[in-house]
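Novice: this one's sequence-less:
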């Protein structure tokens with residue numbers, strides 16, 4: 001039992017001691033990944049924006065139609081069962 005407490009204390013201290021190294025490694029990794037990031041061209045941004053706008057319009061139209069169909073179906077059922 002005493003050995004496990006001493007081992008836990010030892011691992012906790014080594015974790016604190018290695019903290020600056022882990023932070024330095026993390027920031028080096030971030031810097032390396034940020035060098036890989038590229039900015040899209042204006043043409044790419046316009047193309048993806050138009051695709052998103054068209055997709056939003058089509059999904060909106062689809063959900064509007066489905067909502068109307070389901071709403072009319074529920075309305076029909078209420079009228080049918082209340083007669």
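Specialist: On my side now, so go ahead. The structure displayed is predicted, hence computed values, not measured ones.
Novice: Return the distance of the most centrally placed residue in the chain relative to residue 45.
Specialist: For the chain, the residue whose C-alpha lies nearest the mean C-alpha position (Cα atoms, centre = their mean) is residue 52; its distance is 17.1 Å. For residue 52, the distance to residue 45 equals 11 Å [Cβ to Cβ, to the nearest Å]. Glycine gets a C-beta too; all of them are placed from N, C-alpha and C.
Novice: neighbours around the closest residue to residue 48 other than its chain neighbours, how many?
Specialist: Nearest in space to residue 48, with sequence neighbours left out and distances taken as Cβ to Cβ, 6 or more residues apart in numbering, is residue 40 at 7.7 Å. The burial count assigned to residue 40 is 10, neighbours taken as other Cβ atoms under 10 Å.
Novice: Which of the three states applies to residue 40?
Specialist: Taking DSSP: H, G, I helix; E, B strand; the rest coil as the rule, one finds residue 40 in the coil state.
Novice: Phi and psi next, for it.
Specialist: With angles defined as degrees, to the nearest 10, residue 40 shows backbone torsions of phi -70, psi 150.
Novice: Okay, it and residue 34: tell me how far apart.
Specialist: Plainly put, residue 40 is 16 Å away from residue 34 if you go by Cβ to Cβ.
Novice: now residue 63
Specialist: 39 Å.
Novice: for residue 20, same thing?
Specialist: Between residue 20 and residue 34 the distance, using Cβ to Cβ, works out to 21 Å.
Novice: One more: residue 77?
Specialist: Here residue 77 is placed at a distance of 58 Å from residue 34 (Cβ to Cβ).
Novice: cool, residue 78 as well?
Specialist: Here residue 78 is placed at a distance of 59 Å from residue 34 (Cβ to Cβ).
Novice: cool, and residue 26?
Specialist: Using Cβ to Cβ, one gets 13 Å for the distance from residue 26 to residue 34.
Novice: again with residue 43
Specialist: Per Cβ to Cβ, residue 43 is found 24 Å from residue 34.
Novice: do residue 75 as well
Specialist: From residue 75 to residue 34 the distance is 56 Å (Cβ to Cβ).
Novice: One more: residue 56?
Specialist: Using Cβ to Cβ, residue 56 is found at 31 Å from residue 34.
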